[in-house]
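> sequence below, structure please.
(chains A, B, C and D)
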Number of protein chains: 2
Amino acid sequence: MLMQLHINVKCNRMADRNEIPPETTVFAWARLLRVSQSLLSAVETALKAAGLPPFDWYDVLLELHRAGRRGLRPYELQDATLLAQYNLSRLAERLLNAGYIERLPCPEDRRGHILRITSDGRQVRRKMWPVYRAAIADHFAAKLDEDDIRRLTAILGKLA
Amino acid sequence: MLMQLHINVKCNRMADRNEIPPETTVFAWARLLRVSQSLLSAVETALKAAGLPPFDWYDVLLELHRAGRRGLRPYELQDATLLAQYNLSRLAERLLNAGYIERLPCPEDRRGHILRITSDGRQVRRKMWPVYRAAIADHFAAKLDEDDIRRLTAILGKLA
DNA sequence: AAAAGATATATGCAAATGCATTAAAATGTC
DNA sequence: GACATTTTAATGCATTTGCATATATCTTTT
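Next up is the predicted model:
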C-alpha cells in the first residue's frame, strides 16, 4: 500500500530522468529556444547595423577584459564562452588579426599561450557595449519587471 | 512635489525603453543566452550520437508534420522556425535531396511552391523525437518542477 | 627515463551560413 | 493597362563552422 503510493508520487513528478515530459514542459522548452534565438539575432542585427563586430567577439573581449593584465588561456575562454575548441582557436586568430588581442608565450605550459586584450580591444568593446546594452534594454528589460528577472534568473540557475 | 515623485517612480522602473539595465538584468540576460546555447548543443550532440539529422531538420519537419497534407509555403516556415530566408531555402533543398519533403507547385502564387512532408520525412521525425525528448527530459524537465515550468513559460511569453 | 596516455591548440577539408543580388510573379498606382 | 513597388524564392561568393586529425607538450605509469 505504501509502496504503491510511493510509486504513484514518483510517477507524477516530472523530474525523473528520461521520463516523458508533458506537453507544457515541451512548450516551455520550445519557447526558451525560440526566445533566446530571437534575442540573439536582435543583438547581432543591432551590432551589424552599428558597423561593429558580432556578438562572439564581444563575449571573448569581455572575458579578457575581466581577466585583465593576467589574460586567459584559450581553454579557459572556451569554458567561459561555451565556444567549441576549434571555433575559439579561429576566433582568436581573427581577433589577433584585428589587433584586439595579443598572444603571449605561456611559461608554465609551452603547448599553450596566454591571450590578452589590447587597448584597441578594450576600445572596441567599449563601443560595442552601448549597442549591446540598448538591445538588452529594448528586447529584454523593457518587457519584464523585477520579479520576472529574479524568477527567471533563479529558474535558469537550476539549468546551468 | 507630485511631479518630482512621478519622475522618481518612473526612473526606478527598469521597463523604460533604452534605460540602462541594472546588473541583475544583464546577468539574467547572459544566463538566458548561455543556458539555451548549452541546451541546444546538448540536443545536437544527442541527435548526432544517434546518427540522426540536426535539430533544424526536426524543427522544419515538425512544422510540416503539423501542417499535414496542406503543406506550407517557405515563407510560412520561415516565420514558424525563425530561419533566415536563404537558410530555409537551402535547408529545404537538403530535405528535398534527402527525400524528407516534396515540393508542389502553388496554384495561387506561381512565384512560390508548397512544401509537404513525405512519409520518409514523417518516419525520420518519429525516429528523432525520442532522442530529442530524452534531451528535454534530462537537461530541462529533470531540473525543474511544475511551478518553474509555469513561471518560465509566462516570463518567456512576455519576451516573445 | 622510456613508453603510454592525456591535454592544449591548430588546421585541411567539407558543409553551412551570411550578404548582396537576381529573377519572377504579385500588387498597387496612375 | 502600363509602370513602379513589393513579395517570394534562389544563388554566387566570401566567411564561418564542424569534423577529423595532426602536432607539440605535459603527465602518468612502469
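
> what about A:Arg103, helix or strand, and which?
Assigned by DSSP states H and E, A:Arg103 belongs to strand A:101-105.

> for that strand, buried residues please.
Under the neighbour-count criterion of 16 or more other CB atoms under 10 Å in any protein chain shown, strand A:101-105 has A:101-103 buried. For the C-beta atoms, the positions are set from N, CA and C on the backbone; glycine is no exception.

> all strands for chain A, in order.
A:101-105, A:113-117 (DSSP state E).

> could those go into JSON lines alongside distance to B:Arg133 and mean pLDDT?
Listed next are the strands of chain A as JSON lines, based on distance: least, CB to CB, whole Å; pLDDT from 0 to 100:
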{"stretch": "strand A:101-105", "distance to B:Arg133": "41", "mean pLDDT": "97"}
{"stretch": "strand A:113-117", "distance to B:Arg133": "40", "mean pLDDT": "97"}
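
> just put the ones you listed in TSV and tack on distance to A:Glu19.
Listed next are these as TSV, based on distance: least, CB to CB, whole Å:
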stretch	distance to A:Glu19
strand A:101-105	46
strand A:113-117	43
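
> mind checking those strands for the one nearest to DNA strand C?
Shortest distance between DNA strand C and the strands of chain A, using CB to the nearest atom of the strand, is found for strand A:113-117: 5.8 Å.

> burial count for the residue of chain A found nearest chain B?
Closest residue of chain A to chain B, CB to the nearest CB: A:Ser36 (3.7 Å). Look at A:Ser36: counted by other CB atoms under 10 Å in any protein chain shown, it has 21 neighbours.

> enumerate every residue touching it.
A:Ser36 is in contact with B:32-33, B:35-37, counting by CB atoms under 8 Å, 6 or more residues apart in numbering or on different chains.

> can the longest helix anywhere in chain A be found next to DNA strand D?
The longest helix of chain A (DSSP state H) is helix A:23-49. No: using CB under 7 Å from any atom of the strand, helix A:23-49 never reaches DNA strand D; the gap is at least 10.6 Å.

> so that helix versus helix B:23-49, what angle?
110 degrees (axes from the mean of the first three to the mean of the last three CA atoms, to 10 degrees).

> list the buried residues for helix A:23-49?
A:25-26, A:28-29, A:31-37, A:39-40, A:43, A:46-47.

> ok, which pair from the residues you listed is furthest apart?
A:Thr25 and A:Leu47 (33.3 Å; CB to CB).

> intersect the buried residues of strand A:101-105 with the contacts of chain B.
Among the buried residues of strand A:101-105, none lies close to chain B by the criterion of CB under 8 Å from any CB of the partner chain.

> okay, those in CSV with distance to DNA strand C next?
Output for those, formatted as CSV (distance: CB to the nearest atom of the strand, whole Å):
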residue, distance to DNA strand C
A:Ile101, 11
A:Glu102, 12
A:Arg103, 7
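
> would you list those in TSV and tack on distance to A:Pro21?
TSV is the format used below for these (distance: CB to CB, whole Å):
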residue	distance to A:Pro21
A:Ile101	42
A:Glu102	47
A:Arg103	45
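
> and which of the residues you listed is nearest B:Leu115?
Nearest member of the buried residues of strand A:101-105 to B:Leu115, counting by CB to CB, is A:Ile101, at 44.1 Å.

> so the closest one sits against A:Leu64, correct?
Yes: under the criterion of CB atoms under 8 Å, A:Ile101 makes contact with A:Leu64 at 6.3 Å.

> residues that sit against both of those two, list them.
Common neighbours of A:Ile101 and A:Leu64, using CB under 8 Å, 6+ apart, are A:115-117, A:121.

> narrow the residues you listed to those that are buried.
For these, buried by 16+ other CB under 10 Å: A:115-117, A:121.

> quick one: the residue lying closest to A:Arg151 once chain neighbours are set aside from A:Lys158, how far?
Using CB to CB, 6 or more residues apart in numbering or on different chains and skipping the chain neighbours, the partner closest in space to A:Arg151 is B:Arg151 (5.3 Å). Using CB to CB, to the nearest Å, we find B:Arg151 at a distance of 12 Å from A:Lys158.

> same deal with A:Ile149?
16 Å.

> settle it for me: which of these two has more neighbours?
Set A:Ile149 next to A:Lys158 and count neighbours by other CB under 10 Å: A:Ile149 wins out with 22 against 14.

> what pLDDT is listed against the closest residue to that one other than its chain neighbours?
Of all residues not flanking A:Ile149 in the chain, B:Ala28 sits nearest, at 4.9 Å (CB to CB, 6+ apart). B:Ala28 is assigned 97 on the pLDDT scale.
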